[in-house]
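**Student:** Sequence and predicted structure below; questions after.
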Amino acid sequence: MKIKHMIVVAAGALLATSVAFAAPAKFDKADANGDGSVDATEFAASGVKKKFEKLDKDGDGKLSKKEYSVVFDEDCE
């Protein structure tokens, strides 16, 4: 019985971990170099499945905190 319980707990922990890694990174974490914006390289590593170009509304090649926040706003609708 204890082994079965341990297996269920371990499976639950593994599932929770994989879900956490699948979630897109928050802005501060995505902004790896801390310059206040997310460039294309940082964006690619963030786990976001949307197109960078569509989010970059002003076309400056970087996402501001406001532009990046759209990722989370759309997921809540």
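**Tutor:** Looks like it arrived, so ask away.
**Student:** so who does Ser69 touch?
**Tutor:** Phe27 (CB atoms under 8 Å, 6 or more residues apart in numbering). Quick note: C-beta positions are derived from backbone N, CA and C, even for glycine.
**Student:** Look at Ala23 and report its pLDDT.
**Tutor:** pLDDT recorded at Ala23 is 59.
**Student:** scratch that, Asp75
**Tutor:** 49.
**Student:** Kindly report the same for Ala40.
**Tutor:** For Ala40, pLDDT reads 95.
**Student:** Measure how buried the residue lying closest to it once chain neighbours are set aside is and give me the count.
**Tutor:** Excluding the flanking residues, the one nearest Ala40 by CB to CB, 6 or more residues apart in numbering is Phe52, at 5.4 Å. Number of residues near Phe52 (other CB atoms under 10 Å) recorded here: 19.
**Student:** My guess is Phe52 contacts Leu63. True?
**Tutor:** Yes. Contact criterion CB atoms under 8 Å: Phe52 and Leu63 qualify, at 7.4 Å.
**Student:** Quick check: neighbours shared by the two?
**Tutor:** Residues touching both Phe52 and Leu63 (CB under 8 Å, 6+ apart): Phe43.
**Student:** In contact with the residue nearest to Ala40, which residues?
**Tutor:** Taking CB under 8 Å, 6+ apart as the test, what Phe52 contacts is 40, 43-44, 63.
**Student:** So it versus Ala30, what's the distance?
**Tutor:** For Phe52, the distance to Ala30 equals 11 Å [CB to CB, to the nearest Å].
**Student:** which neighbours do those two share?
**Tutor:** Common neighbours of Phe52 and Ala30, using CB under 8 Å, 6+ apart, are Phe43.
**Student:** For beta bridges, what are the partners of Asp39?
**Tutor:** Lys62 (DSSP bridges).
**Student:** Pull the contacting residues for it.
**Tutor:** Going by CB under 8 Å, 6+ apart, the list of residues near Asp39 reads 61-63.
**Student:** Can you say which of the residues you listed are buried?
**Tutor:** 62-63 (16 or more other CB atoms under 10 Å).
**Student:** neighbour-wise, which of the contacts of Phe52 leads?
**Tutor:** When neighbours are counted by other CB under 10 Å, Leu63 leads these with 27 neighbours.
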